[in-house]
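> Give me a model of this one.
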Amino acid sequence: MAIKIVRRRSDHAVLFAAPVLALGDTMVTGDGWTCKNLDVTLLEILEVDGLPEFYVAGGWTYDNGAWTPNSTGNQYMLPAKRAAKIAELEAARLALEYSDITHAGQTWKTDTDARALLAQVLSPGSVRANAYWRDAAGAKHTMTYADLQALGRAISDRGYDADETLETKKAAVAAAATAEEIDSITWES
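Here you go, the predicted structure:
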């Protein structure tokens, strides 16, 4: 949907945006409102295809078809972008932590049920001689108590590694000064 914008000629800061806008002798009018006592020779009206996410009046410039946030725009949008990015990173950590793990040449389940069962099996301090554990495909594998401890340790280590990675990523998100910097932070990067 086409939107009209009023921008300042000197720095291209967008001051107004609405489907209906007009410049008068000393005013800008929209559908049901008027802003008076303006030097409209400093302003121009343009039509654009849409507004950027997190648009706020005076917080963006529009030049040659490109939207760029200024310091006001960044102050408005960066907290929301940071919160969304941290939620995305936390979801990636959980997905990794509870996904199947390859250990000792086999792929094992590490979902909540598998973890609880492993903790229950390890809690007495030993297992019977013919103990086994099922891999992710459901096949039985003979396992000693030490084998099961090693599997538990691999799961635990991966969880700690994922948590440390998350903390590093969260620090990078907090330090990011622009939306582009925040967007560039991914679990894989």
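
> residue ranges with poor pLDDT in the protein?
Across the chain, no stretch falls below the confidence threshold (pLDDT under 70).

> how close does Thr110 sit to Trp187?
17 Å (CB to CB, to the nearest Å). Where C-beta positions appear, they are placed from N, C-alpha and C, glycine not excepted.

> higher neighbour count, those two?
More neighbours surround Thr110 than the other of Thr110 and Trp187, with 23 against 16 (other CB atoms under 10 Å).

> Please, which helix or strand holds that one?
According to DSSP states H and E, Thr110 maps onto no helix or strand at all.

> Pull the contacting residues for it.
For Thr110, the contacting residues are 97-101, 155, 158, by CB atoms under 8 Å, 6 or more residues apart in numbering.

> What subset of these is buried?
97-98, 101, 155, 158 (16 or more other CB atoms under 10 Å).

> Could you single out the nearest of the residues you listed to Ser126?
Nearest to Ser126 among the buried ones among the contacts of Thr110 is Ile155, at 19.6 Å by CB to CB.

> in this structure, which spans are strands?
3-8, 14-18, 21-23, 28-30, 33-35, 43-48, 60-63, 66-69, 101-103, 106-108, 132-134, 140-142 (DSSP state E).

> if you skip the residues just before and after it, what's nearest to Asn130?
Spatially, and ignoring its direct neighbours in sequence, Asn130 is nearest to Thr142 (6.9 Å; CB to CB, 6 or more residues apart in numbering).

> So the one you found is in contact with Val127, correct?
No. Judged on CB atoms under 8 Å, Thr142 makes no contact with Val127 at a distance of 10.4 Å.

> So which of those two has more stuff around it?
Neighbours per residue, other CB under 10 Å: of Thr142 and Val127, the larger number sits with Val127, 18 against 10.

> how many other residues sit next to the nearest residue to Lys170 once chain neighbours are set aside?
In this structure, Lys170 finds its nearest non-sequential neighbour in Ile86, 5.8 Å apart by CB to CB, 6+ apart. The local packing of Ile86 (other CB under 10 Å) involves 17 other residues.
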